[in-house]
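Undergrad: here is my input; please provide its structure:
(one chain, ligands or ions: 1)
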Amino acid sequence: MSSNKERAKKALNAMKLLGFSKKQATPVLKELLNIFNNNWEPIEDECYRALADAILDRQDNKQTPPSQQGNQAAHAHSEHDRQQYVSAIHDDRGEDDNETPLVKRPRMGTANFRAELQPFESGPQQPTVSTQGALSVSPQNSRGVTRSLTVVLQDAGCEYPLAVDDSFIVKEPKPEPQIDIAEINIGDHLTEPQVDIAEISVGDHLTDRDFLTGPDAIQLSDGSSEQTAGSGARGSMVKQAQSLGRSKQKAPLCKNGVGSMIQNTQETSFVEVDVASSANGEVKMSLKCSLESSNFSISMEEVFKMVEEKCLHSYKVLPPDFSIGKLMSEVCQSVVQLGTMHSEVNRDSGSLHNEVVAPFVKPIACEAAVDINDNVAGGSSVLDSSEPCLQNSLVAWDPEFAHCKQKTTHDTTDISKGEERVRIPIVNEFGSEKCPPSFYYVPRNLVFQNAYVNISIARIGDEDCCADCSGNCLSSLVPCGCARVTGGEFPYTPEGLLKTEFLDECTSVNHFPQEHHRFYCTVCPLERSKNKASPGPCKGHLMRKFIKECWSKCGCGMQCGNRVIQRGITCKLQVFFTREGKGWGVRTVEDLPKGSFVCEYVGEVLTSSELHERAIENARNGKHKHQVLLDAGWGSGVLRDEDALSLDGSFYGNVGRFINHRCYDANLVQIPVEVETPDHHYYHLAFFTNKKVEAFEELTWDYGIGFDDTEGPSKPFRCMCGSRYCRDPNNLRRMARAAAKRK
Ligand SMILES: C[S@@+](CC[C@H](N)C(=O)[O-])C[C@H]1O[C@@H](n2cnc3c(N)ncnc32)[C@H](O)[C@@H]1O
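TA: Residues are numbered from 1 along each chain as shown. Below is the predicted model:
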């Protein structure tokens with residue numbers, strides 16, 4: 001048996017390892033020996049637990065006012081007191097009394113020991129090997145989960161298992177009053193390169209003094225970093241800070257290169273930081289923050305991430321590549337686009353040169369306008385007019401689509417998604433819809449199913465091509481075979497414009513159809529496709545002028561002046577939302593001289609039966625489609641169903657499907673163009689300007705519809721073309737004019 005002196009030395013050493021000085025421990029030990037009648041066993045029990053507790057109690061009592069002090073030890077000289085004190089210690093062990101002895105209130109503040117945090121559920125506690133009195137904190141720290149803390153006092157030769165909860169050991173740093181964000185970075189001195197989260201970092205006000213007091217060493221369990229800290233609680237903070245320190249290093253910068261961190265190094269101030277920018281930095285979006293008395297930095301990436309999570313929470317489904325950062329950059333880019341557009345308008349109009357034009361205009365309700373047509377229109381999409389001039393006409397469009405409730409896949413910077421040689425942006429300054437309803441953008445016609453479009457070299461005879469030409473056919477002295485269709489003269493000028501004479505003739509066919517030759521079928525495929533018991537009489541098909549372009553069987557090159565429409569769109573167009581209630585429309589963003597090729601009307605090639613079937617289907621669904629008959633060349637005998645063709649741009653189409661109607665004085669004229677097929681059942685329908693068109697003027701063509709048509713399965717829209725020659729009897733302006741005349 002050791003002597004009292006040895007036992008006292010051991011006890012004081014044990015206390016020293018817990019951070020209690022000899023001066024603190026000696027009087028308490030004396031008191032306990034007194035209480036226990038110099039019996040060492042209850043003191044040595046459980047690795048001097050009674051002694052440690054008594055020291056802590058004494059410290060507690062010192063902190064309470066003298067009036068409230070109930071110095072148990074000092075008054076425990078009687079046997080009664082002694083019993084009470086001993087049982088008080090044991091009561092403190094709580095429900096686990098029979099198993100693991102517990103110390104309820106170990107103060108780790110100045111302790112110097114090694115400890116491991118483990119969840120209770122994690123099985124038997126592993127004995128731990130002490131190093132130099134270091135504290136190791138397990139990586140997980142889930143709040144509210146009670147963990148065991150094993151303290152090994154190697155010098156004392158025993159384990160000291162403590163049950164503590166997170167609130168005790170893992171004391172979270174007090175959040176700064178203005179910053180309601182969980183993660184805190186205590187600064188640059190803690191850096192580790194692996195954690196890829198970006199955080200709010202709090203700088204100088206949470207200094208080493210706050211966290212890292214004392215000389216005690218904290219060793220992180222992964223051993224990856226050695227920093228000093230004074231307590232277990234602080235250790236956990238250091239651990240957290242450590243990971244934040246790592247993250248800070250890896251915090252990604254915004255892709256567009258704008259500042260990605262909000263930083264405030266002053267006590268009370270506004271900080272302004274760029275958060276997004278257009279591609280070339282002309283437009284920037286910034287945030288103004290006034291988070292007082294903080295010295296902080298916030299990663300914008302983390303802010304975006306938080307907003308994205310909120311969006312996901314609210315909207316449930318988001319595209320996988322949804323990004324607030326991108327969205328903000330898109331806003332900046334759109335401002336650039338609109339700004340450019342407006343400044344071009346101003347420059348071209350010459351009136352507003354120095355005026356700063358707000359890029360956004362007060363929106364008007366677009367749905368009301370659409371509703372007007374919605375009410376008027378209805379039924380099938382096929383326009384079945386009794387007017388001969390309705391042949392080759394565009395049928396009613398789907399107003400339901402115009403509500404833009406469908407998910408759209410359009411790229412607002414280019415509706416053609418790169419399919420055209422030029423970008424065709426989508427712009428909406430007036431309505432709430434960002435994009436037109438979905439459809440597949442195709443730059444060329446596609447056969448749906450049964451249409452007979454036979455593109456073969458063999459079908460093109462020598463007389464229908466110019467195999468012997470080379471270079472540019474327009475510059476040859478004698479026009480080649482390809483000019484035969486146009487009376488031995490090419491329709492194009494060397495500048496690539498349609499010749500005025502040719503153009504005017506084509507326009508005149510539209511304006512005065514009754515003065516032009518018409519072909520009447522014996523049995524009209526259009527009538528036949530209606531599957532009536534006895535097909536109605538043919539209403540006549542206008543014989544239109546054709547353009548014949550050189551093609552692949554010709555010897556000339558792609559730059560030949562007689563190849564215009566096959567080179568595709570070259571002028572700058574925009575799909576925009578019309579303010580008059582016509583839905584989307586097309587405008588040019590540059591001046592176009594008379595005779596300029598604008599675009600083709602592209603869609604699926606349907607037979608008249610297929611067209612009719614779609615019409616019935618659409619009537620059933622109350623839908624209206626973008627369809628146009630190809631009937632310019634029906635004068636070549638009896639047409640089979642598969643030869644009587646139409647184009648439907650509803651599901652597959654190009655920018656042409658957005659061109660709105662204007663009665664008589666439209667600025668575009670539609671002209672049939674023969675390219676790869678010699679017969680005239682199938683042809684390209686190309687739009688050319690029939691007058692000079694100024695930048696930002698809407699492009700329109702005359703659909704050739706009769707608005708008083710009540711016979712057909714569908715009624716066309718109420719016309720809002722604004723033309724003084726508007727044919728629509730329901731046109732409000734026209735009615736107003738008529739009323740004024742009557743007065
Ligand atoms: C081929 S689409 C033209 C593009 C259409 N605006 C859109 O938003 O998709 C034809 C439809 O546009 C509308 N539209 C075209 N011209 C119009 C006009 N002059 N007045 C009113 N609506 C018109 C009609 O609803 C018509 O059925």
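Undergrad: and Leu685, what element?
TA: strand 684-689 (DSSP states H and E).
Undergrad: is the ligand contacted by that strand?
TA: No - Strand 684-689 lies apart from the ligand when judged by Cβ under 6 Å from any ligand atom; the minimum separation is 12.1 Å. For every residue, glycine as well, the C-beta is placed using N, CA and C.
Undergrad: list the helices and strands that strand packs on?
TA: Applying 3 or more Cβ pairs under 8 Å, 6 or more residues apart in numbering; DSSP states H and E, we find strand 684-689 packed against strand 597-601, strand 668-674, strand 698-701.
Undergrad: what's the angle between it and strand 668-674?
TA: Using axes from the mean of the first three to the mean of the last three Cα atoms, to 10 degrees, the inter-axis angle of strand 684-689 relative to strand 668-674 is 150 degrees.
Undergrad: Val275: which of the helices and strands packed on strand 684-689 is closest?
TA: strand 698-701 (36.5 Å; Cβ to Cβ).
Undergrad: what's in contact with the closest one?
TA: Residues external to strand 698-701 that are found in contact with it (Cβ atoms under 8 Å, 6 or more residues apart in numbering): 573, 576, 578, 585-588, 598, 659-662, 666-670, 687, 689, 693, 721.
Undergrad: and stretch 551-562, by the same measure?
TA: Defining contact as Cβ under 8 Å, 6+ apart, one finds that stretch 551-562 is touched by 457, 460, 465-475, 480, 482-483, 490, 492-494, 496, 549-550, 563, 566-567, 675-676.
Undergrad: that older thread, among the helices and strands packed on strand 684-689, which comes closest to the ligand?
TA: Ranking these by proximity to the ligand (Cβ to the nearest ligand atom) places strand 698-701 first, at 7.3 Å.
Undergrad: and that closest one, average pLDDT?
TA: On average, the pLDDT along strand 698-701 is 98.
Undergrad: list the contacts for Glu674?
TA: Shown in contact with Glu674 (Cβ under 8 Å, 6+ apart): 485, 546-549, 680, 683-684.
Undergrad: how about 10 Å then?
TA: By Cβ atoms under 10 Å, 6 or more residues apart in numbering, the contact list for Glu674 reads 464, 482, 485, 546-549, 551, 632-633, 680, 682-684.
Undergrad: which of those residues scores worst on pLDDT?
TA: Gly633 (77).
Undergrad: quick check: that residue vs Met543, distance?
TA: 8 Å (Cβ to Cβ, to the nearest Å).
Undergrad: need the overlap of contacts for those two.
TA: 519, 680.
Undergrad: of these two, who's got more company?
TA: Neighbours per residue (other Cβ atoms under 10 Å) separate Gly633 from Met543, with Gly633 holding more: 22 against 17.
Undergrad: helix, strand or coil for that one?
TA: Going by DSSP: H, G, I helix; E, B strand; the rest coil, the secondary structure assigned to Gly633 is coil.
Undergrad: dump the residue contacts of the closest residue to it other than its chain neighbours.
TA: Counting by Cβ to Cβ, 6 or more residues apart in numbering, His680 is the residue found nearest to Gly633 once chain neighbours are left out, at 2.1 Å. By Cβ under 10 Å, 6+ apart, His680 lies in contact with 485, 543-544, 546, 630-636, 643, 672, 674.
Undergrad: I'd like the distance between His680 and Ala8.
TA: 118 Å.
Undergrad: also Cys599?
TA: 102 Å.
Undergrad: same check, this time on Ile324
TA: Distance of Ile324 to Ala8, computed by Cβ to Cβ: 67 Å.
Undergrad: and for Glu501?
TA: Taking Cβ to Cβ, one finds Glu501 at 123 Å from Ala8.
Undergrad: which of these two has more neighbours?
TA: Between Glu501 and Ala8, Ala8 has the larger neighbour count (other Cβ under 10 Å), namely 18 against 10.
Undergrad: any regions of the stretch 201-350 of the chain where pLDDT drops low?
TA: Residue ranges of the stretch 201-350 of the chain with pLDDT under 70: 201-271, 280, 289, 291-297, 311, 313-321, 332, 334, 336-350.
Undergrad: could you do the stretch 601-743 of the chain as well?
TA: 622-625, 636-637, 709-716, 732-735, 743.
Undergrad: which residues of it lie near the ligand?
TA: Residues of the stretch 601-743 of the chain lying close to the ligand by Cβ under 6 Å from any ligand atom are 624, 626, 657-658, 660-662, 717, 719-721.
Undergrad: switch the cut-off to 8 Å
TA: 624, 626, 649, 657-663, 700, 703, 716-722, 728 (Cβ under 8 Å from any ligand atom).
Undergrad: mind listing which of those are in strands?
TA: Counted as lying in strands by DSSP state E, out of these, are 660-661, 700.
Undergrad: redo those residues as CSV? Include distance to Lys305 and neighbour count.
TA: Formatted as CSV, these follow (distance: Cβ to Cβ, whole Å; neighbours: other Cβ atoms under 10 Å):
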residue, distance to Lys305, neighbour count
Asn660, 43, 23
His661, 48, 25
Thr700, 47, 24
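Undergrad: and for whatever residue of the stretch 151-300 of the chain ends up closest to the ligand, the neighbour number?
TA: For the stretch 151-300 of the chain, the residue positioned closest to the ligand under Cβ to the nearest ligand atom is Ser278, at a distance of 28.0 Å. Other residues lying near Ser278 total 20 when counted by other Cβ under 10 Å.
Undergrad: distance check, it against Gln333.
TA: Going from Ser278 to Gln333 by Cβ to Cβ gives 5 Å.
Undergrad: sorry, back to before: and the contacts of stretch 551-562, which are buried?
TA: 460, 465-466, 469, 472-474, 480, 482-483, 490, 492, 496, 549-550, 563, 566, 675-676 (16 or more other Cβ atoms under 10 Å).
Undergrad: in strands, which of those fall?
TA: Per DSSP E, these never map to strands.
Undergrad: what's the burial count for Trp458?
TA: Just so we're on the same page, residue 458 is Ala rather than Trp. Ala458: 7 neighbours (other Cβ under 10 Å).
Undergrad: tell me where the stretch 501-650 of the chain has strands.
TA: For the stretch 501-650 of the chain, applying DSSP state E, counting those that start in this stretch gives strands covering 518-519, 541-542, 547-548, 573-577, 584-588, 597-601, 604-607, 627-630, 645-648.
Undergrad: so which of those strands is nearest Pro525?
TA: Nearest of the strands of the stretch 501-650 of the chain (Cβ to Cβ): strand 604-607, 8.2 Å.
Undergrad: other SSEs contacting that closest one?
TA: On a contact count with 3 or more Cβ pairs under 10 Å, 6 or more residues apart in numbering; DSSP states H and E, strand 604-607 meets strand 446-447, helix 608-621, strand 627-630, strand 645-648, strand 652-653.
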